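>>> Provided below are the primary sequence and the corresponding predicted coordinates.
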Amino acid sequence: MGHEVVVASGPEVTAATISLVDVLVVGAEQVREKSEWFSRLRAQIRAAEVSVLGMAASLAEEDIIPLMEIGVDDYLVAPFDPVDVRARIALFERRCYAFMRRQSHEESARGEIERLAAIIQTQNDIALAGLDLDVVMRLIAERAMILCGAGGAAVGIIEGEEMFYRVCTGYSKQFEGARLPIANTMAGSSVLRGEVMRTDDTERDPRANVETARRLKVRSMLNVPLKRDNQTVGVLSIASQVPFAFVDSDERTLELMAGLLGAAMGNAAEHAAKQALMTEVASIVTALQESQHLFDSFLNNNPALAYMKDEAGRRVFANEPFRRFFGLSPGLDVSTIPDEQFMPTETVAHLREQDDQAFKSGQPSVSESMIPTPEGEQRQFLTYRFIARNSSGQRFLGGVSFDITERKAAEEALRRSEESFRALIEGSPEAIFVHRGGPLLYVNPSACSFLRLKANELVGRSLLDFVHPEDRSAAGGMLDGMPSRGSSSRVREIRFQPPGGGLLTAEISSLRLVFAGQPATLVSARDLTERKQIQARLVVADRLASVGTLAAGVAHEINNPLAFVISNLSFLTEELHTISSLLPEGQLGELEEVLAETNEGVNRVRLIVQDLKTFSRGDEELPTAVDLRRGIDSALALARGELRHRATVVKEVAEVPLVEGSEARFGQVVLNLLINAAHAIAAGQPDKNEIRVVLRSESNHAIIEVKDTGCGMPREVLDRIFDPFFTTKPVGVGTGLGLSICHGIITGFGGEITASSDLGKGSTFRISLPALRSKLKAG
């Protein structure tokens with residue numbers, strides 16, 4: 001079934017044998033004959049949490065009772081069905097895995113110092129295990145699996161072009177004895193490169209063979225090359241069924257374990273070379289010396305300051321880095337030198353207080369302290385304290401101190417840099433957006449003002465959601481920090497649509513940076529809307545200047561023939577009254593009406609000429625008191641021919657106060673609105689459409705409303721209808737000046753003109769004029 005089996009009987013079963021197995025299988029017959037050996041090993045079995053499975057020939061009492069007396073965890077009765085065996089093995093595997101995880105969690109809770117203590121203990125265990133390389137490999141594999149919280153561990157040895165998995169444990173047991181090509185495995189890649197390789201998630205790591213990982217149920221892996229005499233000879237691997245199972249401390253732990261194993265392999269190789277020349281006793285002594293040397297080398301070559309104190313506070317051990325830091329000679333007995341001799345009194349008191357607390361609690365602790373050098377330079381240390389015992393049970397305080405001065409300085413510099421960066425971004429007048437290729441991670445206050453939303457309404461959404469649909473494809477590359485295809489520009493104009501409506505034009509740029517410790521993209525947007533509007537107004541002003549020059553000439557040219565027309569109309573009127581007695585009855589009134597309408601039309605032409613003159617030299621017409629009803633009636637009369645084929649005209653005119661202005665000008669405005677309303681309705685169905693003209697009072701103002709049931713206007717058109725030269729009519733049909741002139745006339749007399757529209761339902765223009773304040777009289 002793929003499991004390793006160790007067969008032993010009676011006295012052959014020792015504590016060493018039990019330490020190698022997860023399940024101890026005993027037969028009822030052997031228990032009856034040799035029960036004393038089991039009683040002798042019961043304590044070791046319980047301490048190792050080894051499960052005991054009994055095997056009985058039958059359900060008879062003579063077979064079952066001996067098994068019950070020794071306290072088996074479970075038993076099977078012949079014939080032994082493979083299904084039952086597999087079920088028991090699966091149960092014991094779960095128990096074993098739970099035990100290993102429990103051990104792993106306990107080790108993790110004790111922190112980094114306990115890891116170091118466990119590694120040191122492993123070194124001692126290696127020394128005690130002798131030079132049996134298989135035992136050492138299995139010990140290190142199992143200890144590495146427990147310390148790192150892995151589900152399986154393996155030791156692979158390079159043999160030619162293959163990796164021979166010599167020792168495997170946990171659910172990696174199935175690989176033991178397997179041979180795989182070095183080039184086809186991640187462990188082989190670690191060996192070939194001579195570096196640590198960690199896979200946090202095989203589903204996402206392109207280096208991993210996903211199909212094999214899924215088949216083996218491996219999600220996390222950590223591989224460390226085994227080196228002997230600076231030569232890579234194999235690999236120490238651990239694996240887990242969960243992603244992101246291993247952290248940096250696990251890497252360091254596994255590297256130390258690999259170093260121990262590499263040293264042990266070196267010791268074994270050296271032992272094998274000298275085996276023929278040395279006696280068994282000499283070999284053991286040499287191995288112990290090498291182990292002690294390795295222990296001393298480990299502590300003395302470690303950059304940390306390591307020391308041990310007894311409960312009286314005497315320093316009984318200090319490694320070489322400790323001695324070098326305080327300027328102590330290598331052979332000096334540190335137990336005879338008080339701490340006050342090489343540290344200030346206040347520093348000694350502070351450290352002694354922390355040592356006493358560790359002794360009292362008996363628990364590992366971590367603290368930061370400032371310790372000066374003999375020259376007085378202040379250095380900051382991170383110290384791990386733990387309790388160790390010797391073989392007689394005497395307690396000692398172990399301390400390992402790491403110099404973190406440079407790291408603290410770097411952290412402080414980074415903090416100041418981040419604060420400066422944040423202050424700069426927060427105060428930037430440009431809108432700043434930060435993302436990692438999707439939802440926004442950060443926006444500054446200017447970005448909130450730019451899009452008219454709060455920060456919590458922007459964070460989590462994509463910036464593309466606010467870009468005009470026509471600009472999204474061009475903006476995509478820029479927003480990711482990369483220029484669009486076919487363009488090398490890092491700056492581009494993009495249109496944005498805030499949720500509240502409107503259109504904003506911004507100049508955007510982007511760059512890649514590190515935000516919150518990870519790569520991100522910063523997008524800055526400079527609002528060009530106001531600048532664009534100023535540029536548009538400058539263009540309009542330039543066009544108006546040109547039109548003004550043209551208007552002056554046109555007005556002059558039209559005024560001359562217009563004067564003849566007006567003069568002739570006056571002459572015709574006088575002559576008509578002269579010959580009135582010669583005309584048939586009723587014809588005089590008809591002719592007078594025609595001449596009156598002609599005069600009204602000529603006056604309209606005169607006003608148009610004055611409009612043109614407005615662009616060149618302004619309007620010099622003086623305001624008078626105006627009755628708006630007359631202006632509305634006049635405009636309706638002039639527009640009658642344009643309106644009758646398109647809509648039914650409804651007039652609602654109430655008494656309103658006089659207003660200050662020009663009756664002709666106000667009539668011109670109403671006429672323009674009526675003509676626009678007519679053009680918004682298709683000709684041919686006047687009975688189905690309506691143009692309503694309303695005159696009413698409201699809050700000491702006279703209100704004129706022109707409503708139609710025409711086609712209406714979309715929002716983008718409605719926002720620009722009063723802009724000069726803006727028109728939706730074909731070229732040559734409309735000038736785009738009508739509503740602009742209306743707006744100028746109304747606002748020039750202190751009034752207000754607004755518009756509202758529903759697309760497909762019609763539009764309403766509303767004029768509000770203040771009531772007359774002066775003592776002008778209607779003329």
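Thanks, I have it. Numbers count the residues shown, from 1 in each chain.
>>> can you give me the helices in the stretch 401-550 of the chain?
Under the criterion DSSP state H, counting those that start in this stretch, the stretch 401-550 of the chain contains helices at 405-427, 445-451, 455-458, 472-479, 529-578.
>>> what is the third one packed up against?
Under the contact criterion of 3 or more CB pairs under 8 Å, 6 or more residues apart in numbering; DSSP states H and E, the helices and strands touching helix 455-458 comprise strand 440-443, helix 445-451. C-beta coordinates here come from the backbone N, C-alpha and C atoms, glycine included.
>>> format these as CSV; extra columns: mean pLDDT, distance to Phe515 and mean neighbour count.
Shown next, in CSV, are the helices and strands packed on helix 455-458 (pLDDT from 0 to 100; distance: least, CB to CB, whole Å; neighbours: other CB atoms under 10 Å):
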stretch, mean pLDDT, distance to Phe515, mean neighbour count
strand 440-443, 90, 7, 20
helix 445-451, 88, 15, 19
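>>> out of these, which is closest to Arg629?
Among those, the nearest to Arg629 by CB to CB is helix 445-451 (47.7 Å).
>>> which other residues reach the closest one?
With contact meaning CB atoms under 8 Å, 6 or more residues apart in numbering, helix 445-451 is reached by 426, 428-433, 454-455, 458, 466, 496, 498-499, 504, 506, 525, 527.
>>> again, only using 10 Å
Contact with helix 445-451 is made by 425-434, 440, 443-444, 453-458, 461, 463, 465-466, 496-500, 504, 506, 523-527, 529, as judged by CB atoms under 10 Å, 6 or more residues apart in numbering.
>>> please spell out the PyMOL selection for the buried subset of these.
To isolate the buried ones among these in PyMOL, judged by 16 or more other CB atoms under 10 Å, type:
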select buried, resi 425+430+431+432+433+434+440+443+444+453+458+461+463+466+496+497+504+506+523+524+525+526+527
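>>> nearest spatial neighbour of Pro364, skipping sequence neighbours?
In this structure, Pro364 finds its nearest non-sequential neighbour in Phe386, 4.5 Å apart by CB to CB, 6 or more residues apart in numbering.
>>> so that neighbour sits in a helix?
No: counting by DSSP: H, G, I helix; E, B strand; the rest coil, Phe386 falls outside a helix, being strand.
>>> distance of it from Phe359?
11 Å (CB to CB, to the nearest Å).
>>> these two: which has the busier surroundings?
The neighbour count for Phe386 versus Phe359, taken as other CB atoms under 10 Å, is higher for Phe386 (22 against 17).
>>> hang on, that one packs against Asp355?
No: here Phe386 does not reach Asp355: they are 11.4 Å apart, not a contact under CB atoms under 10 Å.
>>> any shared contact partners between these two?
365, 397, 399.
>>> so which of the helices of the stretch 401-550 of the chain gets nearest Glu377?
Among these, the nearest to Glu377 by CB to CB is helix 405-427 (9.0 Å).
>>> any idea of the mean pLDDT in the closest one?
Averaging pLDDT along helix 405-427 gives 82.
>>> elements contacting it?
Other elements packing on helix 405-427 under the criterion 3 or more CB pairs under 10 Å, 6 or more residues apart in numbering; DSSP states H and E are strand 365-372, strand 378-389, strand 431-435, strand 440-443, helix 445-451, strand 504-515.
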